[in-house]
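Colleague: kindly generate the corresponding structure for this input.
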Amino acid sequence: MKKTTGRSLYVLLFLALFFIGFTTVTAWAQADPTKVLVGAWEGWVEGIPQPQERWLVISSVKPKEGGGWIADGRYGYTAEKGARHQIEVSTQGGDTILEFSSADKNPVRLKLVGDNKLEGTANFVTSGRTTNRSVKFEKKPIKSESK
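Modeller: Numbering: from 1, shown residues only. All right, here's what the predicted structure looks like:
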């Protein structure tokens with residue numbers, strides 16, 4: 001009977017540690033978008049002619065009626081200049097997803113990875129052909145341009 005009690009204790013300890021770890025990972029994956037997304041994100045688009053660098057600057061994220069959020073931001077070649085965008089933010093399968101179309105109407109879809117990375121794709125349509133390009137961003141302080 002001692003072996004059964006000892007095993008039961010180990011099983012209970014394992015289950016407790018598993019659920020604590022699962023809860024921590026779930027809480028991390030569901031970071032508050034109204035806080036973590038606001039800021040400047042420096043990134044690049046893979047496999048396109050120069051310039052590959054991009055900036056996504058999010059000034060606010062507000063809850064949307066019916067669920068999800070709307071982020072107000074700018075997307076372009078520098079942090080200071082960029083086309084203004086309304087960015088759809090949602091939670092899908094525990095992931096925080098951002099979706100918008102660039103100034104030339106190319107759809108961009110990003111996933112929040114941790115608190116300081118966004119990864120996803122941009123779909124470029126040229127000559128009737130769609131090409132998916134990898135896009136990656138990292139949260140950075142805004143650098144001022146020299147005048």
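Colleague: contacting residues around residue 88?
Modeller: Remark: with contacts taken as Cβ atoms under 8 Å, 6 or more residues apart in numbering, residue 88 is in contact with 68, 69, 70, 71, 98, 99, 100. From N, CA and C alone the C-beta is placed, and that goes for glycine too.
Colleague: quick one: which of those has the most company?
Modeller: Ranked by neighbour count (other Cβ atoms under 10 Å), the contacts of residue 88 have residue 98 at the top, with 26 neighbours.
Colleague: how much space separates it from residue 73?
Modeller: Relative to residue 73, residue 98 is positioned 9 Å away (Cβ to Cβ, to the nearest Å).
Colleague: mutual contacts of those two, please.
Modeller: With Cβ under 8 Å, 6+ apart, residue 98 and residue 73 have common neighbours residue 87.
Colleague: related to what we said a few turns ago, closest to residue 60 among the contacts of residue 88?
Modeller: Ranked by distance to residue 60 (Cβ to Cβ), those are led by residue 71 at 6.9 Å.
Colleague: distance-wise, check the nearest residue to residue 90 once chain neighbours are set aside relative to residue 132.
Modeller: Spatial nearest neighbour of residue 90, excluding adjacent residues (Cβ to Cβ, 6 or more residues apart in numbering): residue 68 at 4.3 Å. Using Cβ to Cβ, one obtains 24 Å as the distance from residue 68 to residue 132.
Colleague: for residue 42, same thing?
Modeller: Taking Cβ to Cβ, one finds residue 42 at 21 Å from residue 132.
Colleague: neighbour count winner among those two?
Modeller: Of the pair residue 42 and residue 132, residue 42 is the one with more neighbours under other Cβ under 10 Å, namely 19 against 14.
Colleague: what does the strand or helix carrying that one contact?
Modeller: Assessed by DSSP states H and E, residue 42 sits inside strand 39-45. Here strand 39-45 makes contact (Cβ under 8 Å, 6+ apart) with 52-58, 79, 118, 122, 133-142.
Colleague: nothing else from me, thank you.
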